[in-house]
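Undergrad: Fold the following and give me the result.
(chains A, B, C and D)
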There are 2 protein chains.
Amino acid sequence: MTDVAEAAGVGVMTVSRTFSDAGKVAEETRNRVLKAARTLGFIPNQAAGALSSRTSRVVGLFIPNLLDATYHQIYRGVVDRLEPAGYQVFVAETRYDQSREEAEIRSMLGWRARGMIFTGSERSALSRKLLTDAGAAVCSVMTTKAMDGFTAVGFSSSRSMKALGAHLLERGHCRIALVRSARFTHRRLKARHDALRTAIANKAAFRVLELDADIPFSFRQGADAVDAALATTGKGWTLVFSNDIPAAGAILRARELGLAVPRDLAIVGYAGLEIAEAIRPRLTTVRIPKYDMGAEAARLLIEQMAGREVAQSADLGFELVAGETT
Amino acid sequence: MTDVAEAAGVGVMTVSRTFSDAGKVAEETRNRVLKAARTLGFIPNQAAGALSSRTSRVVGLFIPNLLDATYHQIYRGVVDRLEPAGYQVFVAETRYDQSREEAEIRSMLGWRARGMIFTGSERSALSRKLLTDAGAAVCSVMTTKAMDGFTAVGFSSSRSMKALGAHLLERGHCRIALVRSARFTHRRLKARHDALRTAIANKAAFRVLELDADIPFSFRQGADAVDAALATTGKGWTLVFSNDIPAAGAILRARELGLAVPRDLAIVGYAGLEIAEAIRPRLTTVRIPKYDMGAEAARLLIEQMAGREVAQSADLGFELVAGETT
DNA sequence: CACGTTATTGGTATCGATACCATCCTGCAA
DNA sequence: TTGCAGGATGGTATCGATACCAATAACGTG
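TA: A predicted model of the protein is given here:
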């Protein structure tokens, strides 16, 4: 920076200002500085900037699985809002692993991130403590339950399940099986499941089909669920998945076995991914506001980091998509 | 750090060493320092560390689209290798946009990343200049062509297309159409396509089906391709896609239209994703070493950053998966 | 014309780590 | 006993920005 200052014939502060507080440097000077910087190939050292200003423009984004289109869209939404605002997004893929998440939080705090956005399951007690102690602005996505001073952006998953339950009852489904895998069933998912059970009450038979999967959401998981369902409960059941991918896998498997969907086997997904409308029969699913949740979370976080008061939570709703599989 | 040093009754350097060069601190002292750090909630400031040591342990990873399972697996491979080695991976999603990529490179250089891994299409001239000027270690993934001092890890996509061409001719396909979209066809993909054309020579009819898509790889794109193919060329063609997702979309659409695959319409994918074996008929595709490319690229980069000599490139091969759609 | 105001610029201490060198201590060989 | 190697530890300058304050120029106003 000293070199650039010298080359441009100005003080270092003018160079610094040229690259940070826009507008406080005269146009003509600014151009001279930028030209000198370009000639010398100068790129401001972010580390030095963060250290000196004692406040980095880093925001941490925690995502269980970036391959999941739901989370990927959230990621896009977050980036699209934070980048123009001058923030740098550091992504951490937690892989549904709490110890990974804790390690990543530490790492973000090491970079002195001022804000963090979490998606997916809930924070561990240790994570929450780390975050509150550090005084970081925190926003949880996929839930509307603000807590511990963390804001929340999402939708009511219990209401979505209530709507789904009503839809199923209305279409005369009377044997409903919830498919899940122990390894990827976190508390929030359990709550979602309870909501469905409640919605159904005893107007239909209800059971849980527990599978063990090693990958979070796979087509195979759906196929396995169909096989398991046929083996244990026989035809005539409605399989409710927690994602569209395994639901699609179930459709493919059902067709392979010559089963009529939804007559022999009904299928429900969750998320509202592209495959839900690409596959035949069209999948019944719950479309959730993926991108918008990310964008809104980012917006809230920006406000918080600027020290402004913000709403504790935002409910962006959902949409029940009645397809041809129920 | 000063506080921790005081609390532990040691000098700041001992604290610093406790958190960085492992082994140079006596076990007993080390424990005292760690305890003090835990009590005080001390987390080393990465920015200060990077500034002071004039060498950050940051590696940039550039990916066109994290939702694409190919790139996502590469990402996993990279992270799994670099994290245990003490490096921090900063991911940048370029979205197939060169100006985004250039901006992200600048940003990485701002963090003084010592190494960068690129996947997908080729670097622009400006990008290459930025990288060489900065003296960063660079590795390209998905290609075996090392250039400009950048190492490369991948497979021979032209050989994969030659193998595919041979397979198609062997199975008697005589009308082959390459499906692509202008927006997402970069130079490497073109080279891949040329290789297929060469492999086929004039032993089969060859044409290109140009679609315009706004998303890189979607099911819809495959469905559109089927519709376009039927409209322009009629039945009996083999559609060659550059990804399994649109190929799967094509299968779904073909079945919806009552077409027999591969008799009325043959379909070929690329990448070797889960859906290729989940869908019926099973998709013919080229399986590429996704995860391993990432891991190997990371390994090479670690060696380079340690100043050791490394092989210029690594060819990890591919596997032609003959399915039921050809 | 004096004077407050605003726009622009510069000097220097400072952020929190690490590099580098110095010091101290211990154990062992001569 | 002496000398010395090597392990453990500490002191302090330094990395490259920004915060803070000061200085100067330009401008309008009464």
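Undergrad: Give me the residues contacting the one helix or strand A:R38 maps to.
TA: Assigning secondary structure by DSSP states H and E places A:R38 in helix A:27-40. Contact with helix A:27-40 is made by A:3-5, A:7-10, A:14-15, A:18-19, A:25, A:42, as judged by CB atoms under 8 Å, 6 or more residues apart in numbering or on different chains. In short, each C-beta sits where N, CA and C put it, glycine included.
Undergrad: from those residues, which is closest to B:R187?
TA: For the contacts of helix A:27-40, the residue nearest B:R187 by CB to CB is A:F42; the value is 30.9 Å.
Undergrad: ok, which stretches of chain A are helices?
TA: Per DSSP state H, chain A carries helices over the ranges A:2-8, A:12-19, A:27-40, A:46-53, A:69-82, A:98-110, A:125-134, A:157-170, A:187-200, A:219-232, A:244-256, A:274-278, A:290-305.
Undergrad: wait, what's in contact with the closest residue to A:S181 other than its chain neighbours?
TA: Excluding its sequence neighbours, the residue lying closest to A:S181 (CB to CB, 6 or more residues apart in numbering or on different chains) is A:A213, at 4.1 Å. Counting by CB under 8 Å, 6+ apart, A:A213 touches A:S181, A:R183, A:F184, A:R220, A:Q221, A:D224.
Undergrad: repeat for A:K203
TA: A:L169, A:C174.
Undergrad: State the pLDDT value of it.
TA: At A:K203, the predicted lDDT confidence score is 92.
Undergrad: Would you mind measuring from it to A:W237?
TA: 15 Å (CB to CB, to the nearest Å).
Undergrad: in terms of contact, does A:L109 touch A:A136 like I think?
TA: Yes. Shown here, A:L109 and A:A136 form a contact pair, counting by CB atoms under 8 Å, at 7.4 Å.
Undergrad: circling back: is DNA strand C contacted by the helix holding A:R38?
TA: Yes. Using CB under 7 Å from any atom of the strand, helix A:27-40 reaches DNA strand C at A:E28, A:T29, A:R30.
Undergrad: Quick check: mean pLDDT of that helix?
TA: Mean per-residue pLDDT for helix A:27-40: 92.
Undergrad: Between helix A:12-19 and it, find me the angle.
TA: With axes from the mean of the first three to the mean of the last three CA atoms, to 10 degrees applied, the angle from helix A:27-40 to helix A:12-19 works out at 90 degrees.
Undergrad: Grab the CA positions of helix A:27-40 and hand them over as CSV.
TA: Output of helix A:27-40 as CSV, limited to C-alpha atoms (Å, rounded to 0.1, in the frame of the first residue of the first chain):
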residue,chain,number,x,y,z
GLU,A,27,-12.5,11.5,-8.2
GLU,A,28,-9.3,12.6,-9.7
THR,A,29,-7.1,11.3,-6.9
ARG,A,30,-9.1,8.1,-6.8
ASN,A,31,-8.4,7.4,-10.4
ARG,A,32,-4.7,8.1,-9.9
VAL,A,33,-4.6,5.6,-7.0
LEU,A,34,-6.5,3.0,-8.9
LYS,A,35,-4.2,3.4,-11.8
ALA,A,36,-1.1,3.0,-9.6
ALA,A,37,-2.6,0.0,-8.0
ARG,A,38,-3.3,-1.6,-11.3
THR,A,39,0.2,-1.0,-12.5
LEU,A,40,1.7,-2.5,-9.4
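Undergrad: Between A:L109 and A:A136, which contacts overlap?
TA: Both A:L109 and A:A136 lack any common contact, where contact means CB under 8 Å, 6+ apart.
Undergrad: Helix or strand with the lowest mean pLDDT in chain A?
TA: For chain A, using mean pLDDT, DSSP states H and E, the weakest element among its helices and strands is helix A:187-200, scoring a mean of 88.
Undergrad: Skipping adjacent residues, who's closest to A:E309 in space?
TA: Leaving aside its chain neighbours, A:E309 sits nearest to A:E303 (7.9 Å; criterion: CB to CB, 6+ apart).
Undergrad: for A:T326, same thing?
TA: Excluding the flanking residues, the one nearest A:T326 by CB to CB, 6+ apart is A:T284, at 4.2 Å.
Undergrad: residues in contact with the one you found?
TA: A:H167, A:I267, A:V268, A:G269, A:V321, A:A322, A:G323, A:E324, A:T325, A:T326.
Undergrad: May I have the beta-bridge partners of it?
TA: A:V268 (DSSP bridges).
Undergrad: where does A:G23 land on pLDDT?
TA: pLDDT, A:G23: 69.
Undergrad: Could you report the distance from the residue nearest to A:S181 to DNA strand C?
TA: From A:A213 across to DNA strand C, the span is 41 Å (CB to the nearest atom of the strand, to the nearest Å).
Undergrad: and what of A:T132?
TA: 19 Å.
Undergrad: That residue against A:L126, yeah?
TA: No. With contact defined as CB under 8 Å, A:T132 and A:L126 do not form a contacting pair (11.1 Å).
Undergrad: Surely A:T144 is in contact with A:D315?
TA: Yes. With contacts counted by CB under 8 Å, A:T144 reaches A:D315, the gap being 4.8 Å.
Undergrad: Comparing those two, which residue is more hemmed in?
TA: A:T144 (18 against 14; other CB atoms under 10 Å in any protein chain shown).
Undergrad: Who are the contact partners of A:G222?
TA: Counting by CB under 8 Å, 6+ apart, A:G222 touches A:F241, A:I245, A:P246, A:A247, A:A248, A:G249, A:A250, A:I251, A:L252, A:R253.
Undergrad: So which of those is the closest to A:D68?
TA: A:I245 (8.2 Å).
Undergrad: re earlier: neighbour-wise, which one of the contacts of A:G222 leads?
TA: Neighbours here mean other CB under 10 Å. Within those, the largest count is held by A:A247, at 33 neighbours.
Undergrad: distance of the nearest residue in space to that residue that is not next to it in sequence from B:S20?
TA: Spatial nearest neighbour of A:A247, chain neighbours left out: A:G269 (3.3 Å); criterion: CB to CB, 6+ apart. Computed as CB to CB, the A:G269 to B:S20 distance reads 48 Å.
Undergrad: just A:R175 next, same as before
TA: 60 Å.
Undergrad: Please apply the same query to A:L273.
TA: As for A:L273, its distance to B:S20 is 44 Å (criterion: CB to CB).
Undergrad: now swap in A:T132 and tell me
TA: Taking CB to CB, one finds A:T132 at 27 Å from B:S20.
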